[in-house]
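1. just to be clear, the model below is a prediction. Sequence and coordinates:
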Protein chains: 2
Amino acid sequence: MSHTQRDIIDLAETSWVDGYRRLTEIVIPRPIALVATVDPDGNTNLAPFSFFTVVSSNPPFVAFAPQRIGRTGAKKDTLRNIEQVGEFTVSVVTEEIADRVNACAAPLPYGDSEFAHSGLTPMAAQRVRAPLVAESPVGMECLLEEIRTYGEAGGAGSLVVGRVVLMHLDPEVRDEADGRVISERLRAVGRLGGSLWCRTLDTFPLERPS
Amino acid sequence: MSHTQRDIIDLAETSWVDGYRRLTEIVIPRPIALVATVDPDGNTNLAPFSFFTVVSSNPPFVAFAPQRIGRTGAKKDTLRNIEQVGEFTVSVVTEEIADRVNACAAPLPYGDSEFAHSGLTPMAAQRVRAPLVAESPVGMECLLEEIRTYGEAGGAGSLVVGRVVLMHLDPEVRDEADGRVISERLRAVGRLGGSLWCRTLDTFPLERPS
């Protein structure tokens, strides 16, 4: 069917909070980067970000976009730590840990760790000081490539681009024969608008045309 | 449970094709940007990209990352058109049009339109020369902000950052009272690894902690 009837929203005449809501309702489903960082003293931080994408594969770069804090425009702890230390890890959020990951979105004072608050367990990485998350079957160790900030004050977002140097995969989520990660075993979850999350088990195949 | 047993993959010692496969199997579910462009002569192009994210909301920026063509490192038509014209639209991919959108991924000669090939219908936008897609209930008109390329040859990716100026929403996918877009009405689909796509109907709510 054709959708010829349309509400047309001029984003320049819309509050940025409403713009944010509409964008997060239509850019779905979004993968979730569970990002761990450390500050220069080694204090850990852990936070989920659903503005997250692969950028390239040779070498592999990923990017995520922490938003400035709404009322003040202040930087989130994750961004402050990466600016200072230049390293982070990204873990995949599974159905099993979704509620603990959600608890990491609570605002805590700078330096207080979401690991202790959420009950998730830090696990040492090999090439970066930021820890991995023991309860996630998939993690990536990343080196900061660059940060670019777009927009103004509250409602600004920073694209944090990092190079993936090591990938950690629990063999239980992989196919024994060819090593691929099987989504029914991984059971990753994603974000929709508002407070909705989605599973990744309701799937269908479409072969890429040649 | 803790995932203490782990395969560790050094991406510097992995072929970029294998790196690409693993990344697209673990960064899931990915939203799909159905991007329409025109070349300087007005010929239309339409292609889906699942490396796609919101960047900011004040003003609203989105980004997607077309990859260079595997064997040659050549630029895709979408990227060539945006470099020349500086405008594009992004439409949301619903379950109803998933197979037609997949047909748009077929390699066609430059200048041949995926609209004709797929059976999707171009619909004039208001502020950009690129068309919208009549069969999608949600579209965004975007002005190019910048393009930044990461990585090398085949396996390189370009982050195309655009400002969303107008949003088109079929009122049928919105809540009549508060105007939010309801995911059960939108029925957007996303990408997993390999040839798998996923629906967005298997959901659960988690209230953000305060």
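-> Looks like it came in fine.

2. right, and A:Gln67 touches A:Ser50 too?
-> No - when contacts are counted by CB atoms under 8 Å, A:Gln67 is not listed as touching A:Ser50 (10.5 Å). Every residue, glycine included, has its C-beta placed from N, CA and C.

3. spit out the residues that contact the two alike.
-> Shared contacts of A:Gln67 and A:Ser50 (CB atoms under 8 Å, 6 or more residues apart in numbering or on different chains): none.

4. stretch A:203-210 near chain B at all?
-> Yes - Stretch A:203-210 is in contact with chain B by CB under 8 Å from any CB of the partner chain, via A:Thr203, A:Phe204, A:Pro205, A:Leu206, A:Glu207, A:Arg208, A:Pro209, A:Ser210.

5. buried among those residues? Need that as a selection in ChimeraX.
-> Selection of buried members from the residues of stretch A:203-210 next to chain B for ChimeraX, criterion 16 or more other CB atoms under 10 Å in any protein chain shown:
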select /A:203,206
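
6. which of the residues of stretch A:203-210 next to chain B fall in strands?
-> A:Thr203, A:Phe204, A:Pro205 (DSSP state E).

7. tell me the contacts of the last one?
-> When contacts are counted by CB under 8 Å, 6+ apart, A:Pro205 is found next to B:Gly194, B:Ser195, B:Leu196, B:Trp197.

8. now swap in the first one and tell me
-> Applying CB under 8 Å, 6+ apart, we find A:Thr203 in contact with A:Ser183, B:Leu192, B:Leu196, B:Trp197, B:Cys198, B:Arg199.

9. quick one: which of the residues you listed is nearest A:Arg6?
-> B:Arg199 (23.7 Å; CB to CB).

10. my guess is the closest one contacts B:Leu186. True?
-> No - contact criterion CB under 8 Å: B:Arg199 and B:Leu186 do not qualify, at 10.9 Å.

11. show me which of the two is the more surrounded one.
-> B:Leu186 (25 against 22; other CB atoms under 10 Å in any protein chain shown).

12. most surrounded residue in the contacts of A:Thr203?
-> B:Leu192 (27 neighbours).

13. circling back to that earlier point, turn the ones in strands among the residues of stretch A:203-210 next to chain B into JSON lines, columns for distance to B:Lys76 and pLDDT.
-> Output for these, formatted as JSON lines (distance: CB to CB, whole Å; pLDDT from 0 to 100):
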{"residue": "A:Thr203", "distance to B:Lys76": "26", "pLDDT": "98"}
{"residue": "A:Phe204", "distance to B:Lys76": "25", "pLDDT": "98"}
{"residue": "A:Pro205", "distance to B:Lys76": "23", "pLDDT": "98"}
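
14. can you narrow the contacts of A:Pro205 to ones near chain A?
-> Among the contacts of A:Pro205, chain A is touched by B:Gly194, B:Ser195, B:Leu196, B:Trp197 when using CB under 8 Å from any CB.

15. so of those residues, which ones are in strands?
-> B:Leu196, B:Trp197.

16. taking the ones next to chain A among the contacts of A:Pro205 together, which two end up most distant?
-> Going by CB to CB, the pair spanning the ones next to chain A among the contacts of A:Pro205 furthest: B:Gly194 and B:Trp197, at 10.1 Å.

17. so, low pLDDT: which residues of chain A?
-> By pLDDT under 70, chain A has no low-scoring segment.

18. picking up where we left off before, turn the ones next to chain A among the contacts of A:Pro205 into JSON lines, including distance to B:Gly179.
-> What follows is these, written out as JSON lines (distance: CB to CB, whole Å):
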{"residue": "B:Gly194", "distance to B:Gly179": "37"}
{"residue": "B:Ser195", "distance to B:Gly179": "36"}
{"residue": "B:Leu196", "distance to B:Gly179": "33"}
{"residue": "B:Trp197", "distance to B:Gly179": "28"}
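
19. ok, the ones next to chain A among the contacts of A:Pro205 vs B:Ile82, which is closest?
-> B:Trp197 (25.0 Å).

20. run through the bridge partners of the closest one.
-> A:Phe204, B:Arg191 (DSSP bridges).
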